[in-house]
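Participant: build me a structure from this.
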Amino acid sequence: MIKRILSNNQGVAILVTIAVITILITITLELNRKSRAVIASTAAIRDQYTLSYMASSGINAAIALLVKDKLESETDSIQEDWANPDKIFCLLEDIPFEDGVIKLKISDELSKIQINALVVYPDASEFNESQKNLWNRFLRLIFFERELPEKIDPSCIINSVKDLLDFDDSITGLSGAESEYYQDIETPYCLRNAPLSDLNQLAMVKGVSPEIFYNYNELPGISEYMTVYGVTNSGSTYAGEININTAESHIIAALLPADSQHLSSAICEYRQEKSGLKYLHDLSSNTWYKNVFGCEDIEIDSNLITTSSDFFRIVSAAKLRKMEMTTTAIVQRVKDAKSNKWKCKILSWQAE
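Facilitator: You can find the predicted model right below:
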């Protein structure tokens, strides 16, 4: 009897011991899992902060390059260092990161059509006729390229954009759209009646369909060719001048008279002609395009073009191990009132 009791007690002790060991192992494994999760989370947070600083470093390097450029030249073109991928690569080599890399792109924001220049501020009651003609030529090119129905009339979009920008509620022409129209659509909203501050607001305008605004059949939408930036130093007007030295072929074509738009590619190629490492052509005059073969007798509206810019888009893409971050900044070069030195003012900053 006594032996049986002792034997039973030993069995219970063994079971209790096994149970305790099992619990301890489970607790240890769970603590280990949580510790690894915390370490991984901490590492991810660390890398996120590092990526943010890397991308910001790229933006600051681009700003330094743009300020240096302003001190050296009043002209801005694709021939300059800020537009040269090789020069930018060399610049970034001076900002070493042990485990990461940065890619940087700088583009001229005034190489695009400035939406807010479609009307004449500060009154904003009348069209800027030069801009209106530019929009008409540009939209016809876009419609033709996409093989959209001929019945689509550019004036529908142009008038509706004017109604979005002007300060009154009078409908422009027969195809414009004021507050009443936008209140009656499926998802109603209030009309801005002011300069646009976000390019996406253009997608809400009457007549601007997704296939026109966004990429369509691998063709870029009008959003790729337009900007809401370009306000003058007075802060109340938009000159709307496009930098002919940096504008893309579609924009160059829209600047040209309708019967000469086929020459846009020749103009773009002329800007890039080199002999060895040296560019052949001077782009400081806003009539240099007349030196292009076939363009001798062409006249581009002087109200539409310039050869300089102070608005730039900087895209800084940082990569660290398996993580990536892209920061896009819109900057404006301005002269500091106190120091009288050039600097870049941040107009927009977006990280993703």
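Participant: S348 against Q332, yeah?
Facilitator: No. Proximity of S348 to Q332 does not meet the contact threshold set by Cβ atoms under 8 Å, at 10.1 Å. Glycine gets a C-beta too; all of them are placed from N, C-alpha and C.
Participant: who has more neighbours, the two?
Facilitator: Using other Cβ atoms under 10 Å, the more surrounded residue of S348 and Q332 is Q332, with 19 against 13.
Participant: how about the secondary structure of the more buried one?
Facilitator: Under DSSP: H, G, I helix; E, B strand; the rest coil, the three-state class of Q332 is strand.
Participant: nearest spatial neighbour of it, chain-adjacent residues omitted?
Facilitator: In space, and not counting its chain neighbours, Q332 is closest to K345: 4.9 Å by Cβ to Cβ, 6 or more residues apart in numbering.
Participant: can you tell me the SS state at the one you found?
Facilitator: With three-state DSSP as the basis, K345 sits in strand.
Participant: how about it, what does it touch?
Facilitator: Contact analysis of K345 by Cβ atoms under 8 Å, 6 or more residues apart in numbering lists 331-334.
Participant: give me the buried entries from these.
Facilitator: For the contacts of K345, a burial check counting by 16 or more other Cβ atoms under 10 Å picks out 331-333.
Participant: closest one of those residues to F138?
Facilitator: Q332 (24.2 Å; Cβ to Cβ).
Participant: what pLDDT is listed against that closest one?
Facilitator: Q332 is assigned a pLDDT of 96 by the prediction.
Participant: before we move on, what about the one 10 residues further on?
Facilitator: On the pLDDT scale, W342 is placed at 95.
Participant: and it, how many neighbours?
Facilitator: 16.
Participant: distance of it relative to S308?
Facilitator: Distance of W342 to S308, given as Cβ to Cβ, to the nearest Å: 13 Å.
Participant: likewise A239?
Facilitator: Applying Cβ to Cβ to A239 and S308 gives a distance of 11 Å.
Participant: what about the helices in the stretch 251-352 of the chain?
Facilitator: Using DSSP state H, counting those that start in this stretch, the helices of the stretch 251-352 of the chain run over residues 264-272.
Participant: I should have written the chain there, sorry.
Facilitator: 2-72, 85-93, 129-145, 154-165, 179-183, 210-213, 249-255, 264-272 (DSSP state H).
Participant: give me the mean pLDDT for the fifth one.
Facilitator: Across helix 179-183, the average pLDDT comes to 85.
Participant: now do the fourth one
Facilitator: The average pLDDT for helix 154-165 rounds to 93.
Participant: that one to helix 129-145, inter-axis angle?
Facilitator: Counting by axes from the mean of the first three to the mean of the last three Cα atoms, to 10 degrees, helix 154-165 lies at 130 degrees to helix 129-145.
Participant: send me helix 154-165 as PDB with only the CA atoms.
Facilitator: C-alpha atoms of helix 154-165 as PDB (Å, rounded to 0.1, in the frame of the first residue of the first chain):
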ATOM      1  CA  PRO A 154     -12.000  71.600 -76.800                       C
ATOM      2  CA  SER A 155     -14.100  74.700 -76.000                       C
ATOM      3  CA  CYS A 156     -16.200  72.600 -73.600                       C
ATOM      4  CA  ILE A 157     -13.200  71.900 -71.400                       C
ATOM      5  CA  ILE A 158     -11.700  75.400 -71.900                       C
ATOM      6  CA  ASN A 159     -14.900  77.200 -71.000                       C
ATOM      7  CA  SER A 160     -15.400  74.900 -68.000                       C
ATOM      8  CA  VAL A 161     -11.900  75.500 -66.700                       C
ATOM      9  CA  LYS A 162     -12.400  79.200 -67.000                       C
ATOM     10  CA  ASP A 163     -15.600  78.900 -65.000                       C
ATOM     11  CA  LEU A 164     -13.700  77.000 -62.400                       C
ATOM     12  CA  LEU A 165     -11.100  79.800 -62.200                       C
END
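Participant: understood, closing this out.
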